[in-house]
Structures are given as structure tokens and as C-alpha cells.
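Undergrad: Sharing a sequence plus its predicted fold:
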2 protein chains.
Amino acid sequence: MVTIRDVARRARVSIATVSRAVNNTGKVRPEIRERVLRAARQLHYTPHGGARSLISGRTHTVGLLLPDLHGEYFSELIRGVDRAARRRGLHLLVSSSHGSASEAASAVQALAGRIDGLLAMVPGEDAGFIKEALPPTLPTVLLNSRTSGAHCPTLLVDDFGGARAMTRHLIDRGYRRIAHIRGPEGNLQAGERLRGYRAALKGSRAAPPIVIEGDFTEESGYRAGQAIAARAARPDAIFAANDMMAVGCLVALREARIRVPKDVALAGFDDIPLARFVSPPLTTVRADIATLGLRALERLAALIEAKAPSDTRSAERLPVEVVVRGSSGAAPAAREAAAGLPR
Amino acid sequence: MVTIRDVARRARVSIATVSRAVNNTGKVRPEIRERVLRAARQLHYTPHGGARSLISGRTHTVGLLLPDLHGEYFSELIRGVDRAARRRGLHLLVSSSHGSASEAASAVQALAGRIDGLLAMVPGEDAGFIKEALPPTLPTVLLNSRTSGAHCPTLLVDDFGGARAMTRHLIDRGYRRIAHIRGPEGNLQAGERLRGYRAALKGSRAAPPIVIEGDFTEESGYRAGQAIAARAARPDAIFAANDMMAVGCLVALREARIRVPKDVALAGFDDIPLARFVSPPLTTVRADIATLGLRALERLAALIEAKAPSDTRSAERLPVEVVVRGSSGAAPAAREAAAGLPR
DNA sequence: GACTTTAAAGAAATCGTTTACTTCCGCGAG
DNA sequence: CTCGCGGAAGTAAACGATTTCTTTAAAGTC
């Protein structure tokens, strides 16, 4: 490995001067600086990040802890986070696939020593263990997570409000027997969406809740669709807790020769890009995931720079929006599919 | 920050003993080790990664350089890389959005000091500048890239073969006027796919090439579709250089009341998850992107561990497969959509 | 022309670990 | 009883950068 010492020797200066020339700090005579930079280039000198962070106390890296990397949901999130990080000159250390809490805790441990801050999405009911495993000084922002104990700056999508709005939309459209395909047990977002669905039904003119099990995968949506097709008293509308399940359900309904939206209306949640392209296009709740990631990183960056706990407005809730398309009976909006793309 | 020294003080031992206890190296009496671990836990001690990598010369981190993070293509790639990295205890430093070569070069520079190896996808015609910007000792693997000068271990999708096979498939099905929506100028994969398309047409019974501009975005596919719809002599088949453009084209055709596949057949490339769900389902070329990423990381890991240049079989070409669905006139395979999902 | 001021470069301390080397102690063997 | 040996813990020297002090030299000032 070529170190600062090698560059110094070749440029016939001290290592201090090399440091100043390379980093553009302090005063260096232009002639010398040129000589140093030339030497660095010729030797392919690359400063050792570890040595640097050792003395400066900064890694210029933030960790991104995700439960999974499957599907467009996470890719959008990463994209948003990355954009904000790049803007601030921060690097992104991505970590994923954490089934159990203990697995996640050890992943956090491994991350902790190499980052200036952490962005964590922990879908379980209680994300408190993350804070426990961390040095208390490490700035942390949670995404779509909730802690029971020590509170922590958090960004959430308004799952409850979105689910309630969607259910109300279906009621307004005249549907009365509305089923819900729920997300996995113990998942915060799944719970909130279910709660929103229930809240909208309560006191409305619609029939009581019909809840069908699911786990956010397309496969489980497919099975739910089959179950619904086999039911004696079929619902007239289905609200799936996410788009992937709605798509799976749609396939099952098509196979059972049940027409959407004529025989049964269908709606999802998330507005993944795919939602616009299935037929009929899927009515869904749009949560701008990329923006969620972007904002989360900006909040984290502020925490890192300020060093102040910044406990103002600990949880921030991002608004969502009901997007009405063909699957809930709307007239097909011709150009919507392509027009929505370049966002 | 709490350091190893703080732990040592609290446990009333030397820092060497703390290091041994924490890392499970060397001999430590069980009683002492327990005392040390307890102290570490109570203080929320986290070893400083920089200091560690300074002495060990290892960061246990690899860089992943991507041109973009848009769409399922990259999310699949990251997923594959991540899985392999996790298996080997490596962390992933993701870097993206590199329009120009100089931008990419400086991004590589920033990465270089903090990683043990680099995985780079550089879609331009010549990725040689990546190697130039790097210390020659840093293990590097290229993805879907080509260098003119110094060669470098590379993994590629068989773009040429896939495009040729797809074009032949269309010819075999009886189509004669086959248009191609190409990817961006100067993009290696776009060029190869175009070449494959041309190669299949040459000497066949089909009409000469009809090439329409595109840039891999859905939007450009939409415009291409409009252009085709407006043509006097319409082709009877369209082969888009990737699925996103095929989908955009499909939307334009639908708006122009041109039926697929009845009036014109349509095919794409990549087999993104979305391809199964549009209607009609899209005939495409499947390249298993997640596996590509996984293999690339394994190759890189071998390079890192071996320290040997390992110039055996410098470029590895991954096979692809034509997936025939409804958009090229196949009978709709009922359960294919959902069945293909849990891969 | 001597003394003060200032710009530029070097010497050395420092950051938090790991690890080779040293020290200490107790125990068994001769 | 003494010597040697080995296990366990401590000491100190790296690792590669940044940065504070010094030092040096040159330029002003009177």
C-alpha cells in the first residue's frame, strides 16, 4: 500500500505538507503543491479512510438498516436516501435481511463502529432494541418503526390515515361488503393499515370487517384471492394492505373469472410503479417512498452536524394520497400510466 | 466516545486483555473475560472501525458503484450482491448516479480508501478510467462493462446472444418487418443488443433493420411507440432493448388502438418482475440479475482473499433465456404470473 | 543595517486498536 | 530446594493520517 510517507519522499517534502496540499488546507507554495499532487498521482496515492476517521472522528458514512431488499419499495427508499446522501457528501453503508431482533441487533453492532449515523427501518412492533444495542451518542433516525421505551426521531408514512381514506373511498363509491387482506402479524405498518380500515368501517353504512390473512408477498395475495373466490358470500370490494398482495389477488381473481372492477373492486397500498401497469390499473394509496428516504437522511444529517439531540417533533408523519384508477371502478385515465413516470 | 481504554479501566485490566476478550483471541481467564464483557456492555462500548482497519489492513467492506438506482434492475442487482456479501461478513458501500466519467472517477476515489474491493458497473463504452483512478492493488470486478486498455475481471450478461435469440424467435414466429427500439448511444449493453438484432436479421428472410432511438426509459419507449403508430408502413413486430421501453411502447400502442400481439408483436429484454403483469404479458429475455450480482461479489471476494491476480478467464458471460409470453403471440399461460414469483 | 513580522515547511503528538514481546506467578520435576 | 516451564496479563510499538507547535527563511520597517 502506498502511504502519505511515500508521497512525501517522492516529492521531497514532509508528510505534513503532503496532507496540506492534498486537502487544500493551510498554506502551500503553488510550486510545491503541484509537485506533491504530481507525486500523488504518479503513485496512485489514496488516503486511508480509517486513519483519517481515526483522527477526525468522522467517517462521512451513514448506515441504512433494512429488513429486506425485495421489490421496488426498498429500491425507491434507497434511491431517495442515496440522493440526499450524495448531496451532503455522505456514503451509504447498506445492511439488510434481518429476520429476528437479535440478528438485527448484531448487524447494528457491526455497523456502529464505522458510521456517523444510522437510518433504521424495523418493521416489528418494537424497535427499542436498536437503541439499546447502540452507543447512546450515535445519531439515529427510525423509519416506519416504533419504540416502546426510549424515544427516537422517527419518520412514518401515515398508514392509518391512508388506509382509512382508502376504505372511505370504497364506501363512497357504494361498496358495502369490503374485505381487507392484511399484512403480517406483528408488523407495525400492517397493524396501522388494519386499524385504519376498521376505523373507516365503524359507524359507516358498510358491513362489518372481513379480514383475510396475508404477509405482504404476492403469493399470499394470490392465496387470499383464491379464498375470496371460493367464498359463498363474496365481498364487493377488496382492500389489500399493499400493492404486491393486490396484484397477486388480481391474478387469482382473473383465473377464477371474476371481473375487476365489475364483479369486485380492488385496491392496494404503496403505489409501486407496477400499480399503473396491471390491468385494470390499480387504485392505491400513494406514499412517496423516495421522499421519505430523502427526508429521513436530511434529518439524520442535521442530527450529525448539530450534535444536539434535537428532540423537536420527535415523530414526523408523511402524508399520503388516494390514487383512484380502474380497479375501483374509475374510468381509465388514458395517459396516466406514462405521464406519471418521470418523477 | 467510549474507547477500549475506558473499558479497561472499568474492568481493571489492560487494554490488551480487553481486546483479547472482546475478539475471542488469545488466552483470557473466564472470570476476567466475563468481567470485561460486562464492562463493555455497561459502557455501550463499540470498537472504532477505523482504528481496527488501520492496523489490520482490512475494512471488511466492498464498494458497489452503479450508474443509477432507478427501477427493479438495480434493486435486483443489489439484492444479489448483498446476499453474497452478508454470507461472507462483508459490508456494502453503495455509490450511484454517475453521469459523466469524471464524476464516476471522483466517486471511485472517495470510495477507494475505505474498501477492500470494488464492484463497478460502468455502462459507457470504455470503463478503463475506473482502473486508472484506482490503486493498482485494489481488487476490482466489472459488471456489464468493457475496458479498452488494462483488462480486468468482468462479468457480463450475454446481451448479444440474447438479442439475437429473441430476434430469431420473432422471425421463427413468422414476423418479417421487425423494428428495434435501441438503448442510449454509447451504452455498451445497448450496443450489444443492437448488434445481436442486426446479426439475426442478416441473411434471414426478414426485412432489413428498422432502428428507432431510445434511452432505456419508459418515456422514450412511449415516444417510440407513438412514432411507430404514426408510420406509414408499420412493422409487424417490435423488439425493445429493455423491458421498461417495451412497457412504455405498449402504453402508446394501446392508446393508438393497435392491438398486441394481433396487430403487432412486442418483446423486451431483462425480464423485470413487471414483465409478467402487463397485459398481454411481455415476451422478453431473462437475465438473472440477482445471480449476476451474487457471482460478481463471490468473484471479488476470492480476489480479496487470494491476493493473487487470478487472471484465469478474465471475462465471464452469463447465459440468458428467451421467455415467451403473450405479447409475441403465445397462448396465455394461466398460472405463470404468480408461479414465477417466489424465486 | 538590525530587528520585527510573516509565510511556509518540518517535527512530533495524537487518534483507538491489535499484537509481538515482556513480565509475573504458580506448579511440577529433578 | 531450585530451576524451568507455561499460562495469563501487561507494556509498548506499530498502523496512516491530521494538526499543533516549532523552526526557518525571507521580507518589511525604522
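TA: Right, received. Where do you want to start? If you're wondering where the values come from, they're calculated on a predicted model, not measured in any experiment.
Undergrad: Tell me which helix or strand comes right after the lengthiest helix in chain A.
TA: Looking across chain A with DSSP state H, the single longest helix is helix A:289-306. Where DSSP states H and E defines the elements, the next helix or strand beyond helix A:289-306 is strand A:315-318.
Undergrad: which residues sit against the longest helix of chain A?
TA: Helix A:289-306 is contacted from outside by A:62, A:73, A:76-85, A:88, A:90, A:116-119, A:139-141, A:143, A:153, A:155, A:157, A:270, A:310, A:316, A:318, using CB atoms under 8 Å, 6 or more residues apart in numbering or on different chains. Glycine gets a C-beta too; all of them are placed from N, C-alpha and C.
Undergrad: ok, and for it, which residues are buried?
TA: Residues of helix A:289-306 classed as buried by neighbour count (16 or more other CB atoms under 10 Å in any protein chain shown): A:289-301, A:303-304.
Undergrad: Stretch A:89-106 too?
TA: So, applying 16+ other CB under 10 Å, buried residues of stretch A:89-106: A:90-98, A:101, A:104.
Undergrad: Alongside DNA strand C, which residues does the stretch 1-150 of chain A contribute?
TA: A:12-17, A:27-29, A:31-32, A:51, A:54-55 (CB under 7 Å from any atom of the strand).
Undergrad: Surely A:N144 touches A:A127?
TA: No: counting by CB atoms under 8 Å, A:N144 stays clear of A:A127, with 9.4 Å between them.
Undergrad: Quick one: neighbours of A:A265, just the number.
TA: By the criterion of other CB atoms under 10 Å in any protein chain shown, A:A265 has 25 neighbours.
Undergrad: beta partners for it?
TA: A:A265 has these beta-bridge partners by DSSP bridges: A:A237.
Undergrad: pLDDT value on it, please?
TA: Here the pLDDT value assigned to A:A265 is 97.
Undergrad: what residues are up against it?
TA: A:170, A:173, A:175, A:236-238, A:283, A:327-329.
Undergrad: let's see it at 6 Å
TA: A:175, A:237, A:328-329 (CB atoms under 6 Å, 6 or more residues apart in numbering or on different chains).
Undergrad: Among those, which are located in strands?
TA: Using DSSP state E to define strands, the subset of these located there is A:A237.
Undergrad: now the residues of the stretch 1-150 of chain A next to DNA strand C as CSV including pLDDT and secondary structure?
TA: Formatted as CSV, these follow (pLDDT from 0 to 100; DSSP: H, G, I helix; E, B strand; the rest coil):
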residue, pLDDT, secondary structure
A:R12, 95, coil
A:V13, 95, coil
A:S14, 95, coil
A:I15, 96, helix
A:A16, 95, helix
A:T17, 96, helix
A:K27, 88, coil
A:V28, 91, coil
A:R29, 93, coil
A:E31, 93, helix
A:I32, 94, helix
A:A51, 97, helix
A:L54, 96, helix
A:I55, 95, helix
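Undergrad: so which pair among those is furthest apart in space?
TA: Using CB to CB, those span at most 31.4 Å, a distance reached by A:E31 and A:L54.
Undergrad: who's more crowded, the two?
TA: Taking other CB under 10 Å, A:E31 and A:L54 do not tie; A:L54 has more neighbours (17 against 8).
Undergrad: of the contacts of A:A265, the lowest pLDDT goes to which?
TA: Across the set of the contacts of A:A265, A:G329 stands lowest in pLDDT, at 84.
Undergrad: For it, which residues are in contact?
TA: A:173, A:261, A:265.
Undergrad: Next one: the residue in the stretch 151-300 of chain A that DNA strand C sits nearest to from A:R38, what distance?
TA: Using CB to the nearest atom of the strand, A:L300 is the residue of the stretch 151-300 of chain A that sits closest to DNA strand C, at 22.2 Å. From A:L300 across to A:R38, the span is 39 Å (CB to CB, to the nearest Å).
Undergrad: Could you do A:F74 as well?
TA: 44 Å.
Undergrad: Tell me which of the two has more neighbours.
TA: Between A:F74 and A:R38, counting by other CB under 10 Å, A:F74 is the more crowded of the two (22 against 13).
Undergrad: picking that back up, now tabulate the contacts of A:A265 in CSV and tack on distance to DNA strand D.
TA: Shown next, in CSV, are those (distance: CB to the nearest atom of the strand, whole Å):
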residue, distance to DNA strand D
A:Y175, 64
A:A237, 61
A:S328, 58
A:G329, 62
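Undergrad: Return the closest of the contacts of A:A265 with respect to A:T3.
TA: Ranked by distance to A:T3 (CB to CB), those are led by A:S328 at 64.1 Å.
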